[in-house]
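Novice: How does the following fold in three dimensions:
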Amino acid sequence: MLIQLFFLILGLILLVFGSNYLLKSSVDLSLKYNISKVVIGLTVVSIATSAPELLISISSVLKNSSDIAISNVIGSNIANFGLVLGLALFFSKIKISKNIINQDWNFLMIVSVIFTFFALSKSEVDRIEGGVLFSLLILSLIYVFKKSKGDENEKKIIYNSNSKLILTIFVSSIMLYLGSEFFVESSIYFADYFGVSERIIGLTIVAIGTSLPEVVTTLVAVFKKELDISVGNIIGSNIFNILAVVGLTSIVKPLEITNVENLQFDLSVMFFVMLLLFLFYSLSKTKILGRTNGIILLVSFVMYYIIIL
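Specialist: Numbering: from 1, shown residues only. Predicted coordinates for the structure are as follows:
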């Protein structure tokens, strides 16, 4: 048991540091080639911070643990709003722009509805449906790139050479792969050892563990006063979790749903915390959210965990 605990912690450390190095190196490489900050934020940041979810879900489904794979995505999306956004609002006031709601949040709701339909219609997400989700990701990225063509590029001097940046990306990718393998194997072991379902492991240990990059990235953005980035990263990460993580994972191997009732409840909570952001925005005259909103999100997140545990 101690050995498995060691590998669980080691896997988590590799996931956190691997995603951090991947994020920093990818952003530096992008800025070197004058890719706009908007594109970097909506693509590189979201992809890098969601890399642990992607690798863990693929590893899980290949080990015939679909419950961990799909619970990881839903649990991470709930944690992103309930825990990450809740903490961000607890520590700082954030003004929510109209574009974030009209474009990013609306798109998140659309892809969430599509994912829910696929998952509940026949108790699995098959390869064709995974292809549809991944195609939506590609189309959304093309849209972001075209829209940002007129944006002024970020001027920043990057001192690291291309070879060093690429090497760091390669090494961080290896760290993410090894971290996901250690983390999944240990998670499955503890699920069996304590007689806990893989769904609960996926929604708790795995979901919170893989959400740590979002926690770090968002809190750093808050303390640097880059508040639009913090909210954009959370929404972008949730979109990527559904379109890329579920999409690619189900292409590799169809995601089977073992308990529809549990999935319906988890999805309801996911929609609830996402709708809270829209409710806060609609009720606020200034469109500035703060500590009270953060506390509501955090309490909702804790209550959900109390119920499932």
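Novice: Next SSE downstream of the least confident helix or strand in the chain by mean pLDDT?
Specialist: Ranking every helix and strand in the chain by mean pLDDT, DSSP states H and E puts helix 37-39 at the bottom, with a mean of 58. Downstream of helix 37-39, the next assigned helix or strand under DSSP states H and E is helix 46-62.
Novice: Average pLDDT for the helix or strand that that following helix is followed by, rounded please.
Specialist: Following helix 46-62 in sequence order, the next helix or strand is helix 66-79 (DSSP H and E). The average of the pLDDT scores along helix 66-79 is 91.
Novice: Beyond helix 66-79, next helix or strand please.
Specialist: Next along from helix 66-79, by DSSP H and E: helix 86-91.
Novice: what does the next helix or strand after that following helix contact?
Specialist: Scanning forward in sequence from helix 86-91 by DSSP H and E, the next helix or strand is strand 94-95. By Cβ atoms under 8 Å, 6 or more residues apart in numbering, the residues outside strand 94-95 that reach it are 88, 222, 227, 230, 231, 286, 287, 288, 289, 290. For the C-beta atoms, the positions are set from N, CA and C on the backbone; glycine is no exception.
Novice: Partner strands of strand 94-95, with direction?
Specialist: Strands adjacent to strand 94-95 in the sheet, as given by DSSP bridges, are strand 288-289 (antiparallel).
Novice: Next SSE downstream of the partner strand?
Specialist: helix 291-308.
Novice: quick check, distance from that next one to the centre of its chain.
Specialist: 18 Å (Cα atoms, centre = their mean, to the nearest Å).
Novice: between that helix and helix 66-79, how many degrees?
Specialist: With axes from the mean of the first three to the mean of the last three Cα atoms, to 10 degrees defining the directions, helix 291-308 sits at 160 degrees from helix 66-79.
Novice: name the helices or strands packed onto helix 291-308?
Specialist: Packing partners of helix 291-308 (3 or more Cβ pairs under 8 Å, 6 or more residues apart in numbering; DSSP states H and E): helix 66-79, helix 86-91, helix 260-283.
Novice: tell me the most buried of these?
Specialist: For the helices and strands packed on helix 291-308, the largest average neighbour count (mean count of other Cβ atoms under 10 Å) is found in helix 66-79, namely a mean of 29.
Novice: Next, the angle from it to helix 46-62.
Specialist: Going by the same axes, to 10 degrees, helix 66-79 makes 150 degrees with helix 46-62.
Novice: so how far is residue 263 from residue 126?
Specialist: Using Cβ to Cβ, to the nearest Å, we find residue 126 at a distance of 16 Å from residue 263.
Novice: quick one: which of the helices and strands packed on helix 291-308 is nearest residue 12?
Specialist: Comparing the helices and strands packed on helix 291-308 by their distance to residue 12 (Cβ to Cβ), the top pick is helix 66-79, with 13.3 Å.
Novice: Just the C-alpha atoms of the closest one, please, in PDB.
Specialist: Extracted C-alpha coordinates of helix 66-79, given in PDB (Å, rounded to 0.1, in the frame of the first residue of the first chain):
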ATOM      1  CA  SER A  66     -14.000   3.900 -18.400                       C
ATOM      2  CA  ASP A  67     -15.600   5.100 -15.200                       C
ATOM      3  CA  ILE A  68     -12.300   6.800 -14.200                       C
ATOM      4  CA  ALA A  69     -12.000   8.300 -17.700                       C
ATOM      5  CA  ILE A  70     -15.400   9.900 -17.800                       C
ATOM      6  CA  SER A  71     -15.600  10.800 -14.100                       C
ATOM      7  CA  ASN A  72     -12.200  12.500 -14.500                       C
ATOM      8  CA  VAL A  73     -13.600  14.900 -17.200                       C
ATOM      9  CA  ILE A  74     -16.900  15.600 -15.300                       C
ATOM     10  CA  GLY A  75     -15.200  15.900 -12.000                       C
ATOM     11  CA  SER A  76     -12.500  18.200 -13.400                       C
ATOM     12  CA  ASN A  77     -15.200  20.500 -15.000                       C
ATOM     13  CA  ILE A  78     -17.000  20.700 -11.700                       C
ATOM     14  CA  ALA A  79     -13.800  21.400  -9.800                       C
END
